[in-house]
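Undergrad: Dropping the sequence and predicted coords here.
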Amino acid sequence: MATSRMAHHIIGPFARFSRWSSNAMGHPQAFGSAVFVVLAWGLTGPIFAFSDTWQLAINTGTTIVTFLMVFLIQNTQNRDNAAAQLKLDELIRSTKGAHNALLDLEELTQEDLEQFRTLYEKLAERARRDILSGLKDTGTPEVASR
């Protein structure tokens, strides 16, 4: 597909590194390596007489790794969230009877989101009343305007 080829060429060095490193850090071998490092550090305790420097080595290393991983995890979450949002937008766009006004809800203010939530809560309440009355709750009833 031309779009995916185009997107592949646009991805910058950080995005490529982020994707590669998040895949690498999520691999079982990465966990195994981390366990090995901690065990090796623990076993060297008697050699270094459990000194402050020995403790500082693991504390510094884990702090640096944690600090850097926060940014990689956030980048991965942002990318995954954007992809999921686009997929949802496409489902809304391509579904007959769907409300296209919902396409960019994530861009609205909290107040606007609450107004939409109120509309949909009323719709759900009406559907539950219909069920209790023996009616079906399927279909695409109109959402009342604000």
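TA: In hand now; what should we look at? Everything numeric here is computed off the predicted structure, so don't read it as measured data.
Undergrad: for the protein, what spans make up the strands?
TA: In order along the chain, the chain carries no strands (DSSP state E).
Undergrad: Can you give me the domain boundaries for it?
TA: Following automatic domain parsing, one finds the domains of the chain at 12-99, 108-146.
Undergrad: Name the residues of stretch 29-49 that are buried.
TA: Residues of stretch 29-49 classed as buried: W41 (neighbour count, 16 or more other CB atoms under 10 Å). Glycine gets a C-beta too; all of them are placed from N, C-alpha and C.
Undergrad: correction: stretch 69-76
TA: By neighbour count on 16+ other CB under 10 Å, the buried set for stretch 69-76 is 72, 75-76.
Undergrad: so how far is that stretch from its chain's centroid?
TA: 10 Å (CA atoms, centre = their mean, to the nearest Å).
Undergrad: Give me the residues contacting that stretch.
TA: The contact list for stretch 69-76 (CB atoms under 8 Å, 6 or more residues apart in numbering) reads 14-15, 18-19, 21-22, 25.
Undergrad: Return, as residue ranges, the portions of the protein with sub-threshold pLDDT.
TA: Applying pLDDT under 70 to the chain flags the ranges 1-10, 140-146.
Undergrad: ok, which stretches of it are helices?
TA: Ranges of helices within the chain are 2-10, 13-25, 28-43, 52-94, 110-132, based on DSSP state H.
Undergrad: Give me the helices and strands touching the third one, please.
TA: Pointing back at helix 28-43 there. Helix 28-43 sits against helix 52-94, with contacts defined as 3 or more CB pairs under 8 Å, 6 or more residues apart in numbering; DSSP states H and E.
Undergrad: quick one: the helix it packs on to helix 13-25, angle?
TA: Angle of helix 52-94 versus helix 13-25, following axes from the mean of the first three to the mean of the last three CA atoms, to 10 degrees, is 110 degrees.
Undergrad: Can you check what angle separates helix 52-94 from helix 28-43?
TA: Put simply, helix 52-94 runs at 160 degrees to helix 28-43, going by the same axes, to 10 degrees.
Undergrad: Return the distance of helix 52-94 from the chain's centre.
TA: Offset of helix 52-94 from its chain centre (CA atoms, centre = their mean): 9 Å.
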